[in-house]
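Visitor: build me a model from this:
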Amino acid sequence: MSSSATASPAYRSHPGPLHTTLLAGTVPLFLGALLSDIAYYNSYQIQWNNFASWLIAGGLVFCGLALLAALINLLRAQRKAGHPLTCFLLLLVTFVLGLVNAFEHAKDAWASMPSGLVLSVIVTVLACASTWVGLNTRPGAAK
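Guide: Just a heads-up that it's a prediction; the model follows:
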């Protein structure tokens, strides 16, 4: 196996301030939804489920816009694999499962539990992972 001494960076440029803001905005919204689900699971107060629904909707807006920015960054990348592709795929899975979570939270009252809580955990972990990968700008970090 031969290795190249000069590795080309995955991005032509680092993610811009808007892209990083959108990536970082998904985490607190989905985390807030998870904490609201935990509060609802422990207290049976329906308002916590309503909070979670709104936080998931906000997280989906940020995630969708970050997904669009990741797609643009993927199309601009010199290599269509590695870091840009990983970031895009993680955001895509986060958005799809977040949408499923939003539909789950649209159910009536306690019908959204415990599947809504489980989905909130998964979506929060995926949002953290996609933000970690998306903000990691070292060229050889995520291959």
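
Visitor: centroid residue for this protein?
Guide: Ala127 (3.0 Å; Cα atoms, centre = their mean).

Visitor: look up how far Leu75 lies from that one.
Guide: Ala127 sits at a distance of 23 Å from Leu75 (criterion: Cβ to Cβ, to the nearest Å). The way it works is simple: take the backbone N, C-alpha and C, and place the C-beta from them, glycine included.

Visitor: could you do Ala66 as well?
Guide: 15 Å.

Visitor: next: Phe51.
Guide: Phe51 is 36 Å from Leu75, by Cβ to Cβ.

Visitor: between those two, tell me which one has more neighbours.
Guide: Phe51 (18 against 10; other Cβ atoms under 10 Å).

Visitor: now stretch 109-122: buried residues?
Guide: 112-113, 116-117, 119-120, 122 (16 or more other Cβ atoms under 10 Å).

Visitor: show me what contacts the residue nearest to the centre of the chain?
Guide: If a contact means Cβ atoms under 8 Å, 6 or more residues apart in numbering, then Ala127 has 26-27, 30-31, 59, 63, 94, 98 as its contacts.

Visitor: what's the closest non-adjacent residue to Leu126?
Guide: Using Cβ to Cβ, 6 or more residues apart in numbering and skipping residues adjacent in sequence, the residue nearest Leu126 is Thr94, 4.2 Å away.

Visitor: again with Asn49
Guide: Tyr40 (4.9 Å).

Visitor: after the strand or helix carrying that neighbour comes which helix or strand?
Guide: Using DSSP states H and E, Tyr40 sits in helix 17-43. Following helix 17-43 in sequence order, the next helix or strand is helix 46-76 (DSSP H and E).

Visitor: and the angle from that following helix to helix 17-43?
Guide: Angle of helix 46-76 versus helix 17-43, following axes from the mean of the first three to the mean of the last three Cα atoms, to 10 degrees, is 150 degrees.

Visitor: next, the buried residues of helix 46-76.
Guide: 48-49, 51-53, 55-56, 58-60, 62-67, 69-70, 73-74.
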